[in-house]
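Undergrad: Below are the sequence and a predicted model; questions follow.
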Amino acid sequence: MESRIADITHVIQLSVAPAFLLVAIGNLLMILSARLGRIVDRRRVLEDRLGGLSGDAAAGIETELAHLNRRAALIYFATLSAVLGALAVCLVVAGAFLGALLEVEMKLAEGVAGLFVLAMISMLVSWSLLLREVYLTIRVGAARLHR
């Protein structure tokens, strides 16, 4: 009984790092959500303006709407990747506890390690997509300034 409590205590100590990772993922999701909200708001403004325009002005708005759609897609996939990473981290913690409770650590160790690697890859993808979206935002903004 004593060693089992020690094992569970050790797992709790080890799950602190994944808990901080979940906080970081939550912050990333808030950033992504805010960016998506701004994209949606801008799209609504442009769609309202588009109704009364034609010619070059309408074409310019259509071009900007296409850029917004691309940015929204990047944010969507970044969000999807971040959520998958968060789910993988939760499974890491659950696997660690199951391993300690069922005393099958060796069988679960490879799976837990694989899930942690999957979580890191998911976060890498999410941050990369966010970086790409920020680049597109700056590039389109700079092009608008030069017109």
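TA: Sure, I can see it. It should be emphasised that the depicted structure is a prediction, and the values quoted were computed from it without experimental measurement. Numbering: from 1, shown residues only.

Undergrad: tally of neighbours for Phe77?
TA: Per other Cβ atoms under 10 Å, the neighbour tally for Phe77 reads 17. All C-beta atoms are positioned from the backbone trio N, CA, C, and that covers glycine.

Undergrad: That one touches Leu129, doesn't it?
TA: Yes - in this structure, Phe77 is within contact of Leu129 by Cβ atoms under 8 Å, at 5.5 Å.

Undergrad: can you pull the contacts of the residue nearest the centre of the chain?
TA: Centroid-nearest residue in the chain: Ala82, 2.8 Å away (criterion: Cα atoms, centre = their mean). By Cβ atoms under 8 Å, 6 or more residues apart in numbering, Ala82 lies in contact with 25, 28-29, 32, 122-123, 126.

Undergrad: so which of those residues comes closest to Val89?
TA: Ile25 (7.1 Å; Cβ to Cβ).

Undergrad: Spatially nearest residue to the residue nearest to the centre of the chain, not counting backbone neighbours?
TA: Leaving aside its sequence neighbours, Ala82 sits nearest to Ser126 (Cβ to Cβ, 6 or more residues apart in numbering; 4.2 Å).

Undergrad: State the helix or strand in which that neighbour lies.
TA: Assigned by DSSP states H and E, Ser126 belongs to helix 105-145.

Undergrad: now the angle from the helix or strand harbouring Ala94 to helix 105-145?
TA: Taking DSSP H and E as the criterion, Ala94 maps to helix 56-102. Here helix 56-102 points in a direction 170 degrees away from that of helix 105-145 (axes from the mean of the first three to the mean of the last three Cα atoms, to 10 degrees).

Undergrad: shift numbering so it begins at 27
TA: Sure, I'll start counting at 27 from here, so that last one is helix 82-128.

Undergrad: what about helix 82-128, average pLDDT?
TA: For helix 82-128, the mean pLDDT works out to 91.

Undergrad: correct me, but Leu48 touches Cys116?
TA: Yes - with contacts counted by Cβ under 8 Å, Leu48 reaches Cys116, the gap being 7.4 Å.

Undergrad: Neighbours of Val115, how many?
TA: 26.

Undergrad: who's in contact with Leu54?
TA: Taking Cβ under 8 Å, 6+ apart, one finds 108, 149, 152-153, 156 in contact with Leu54.
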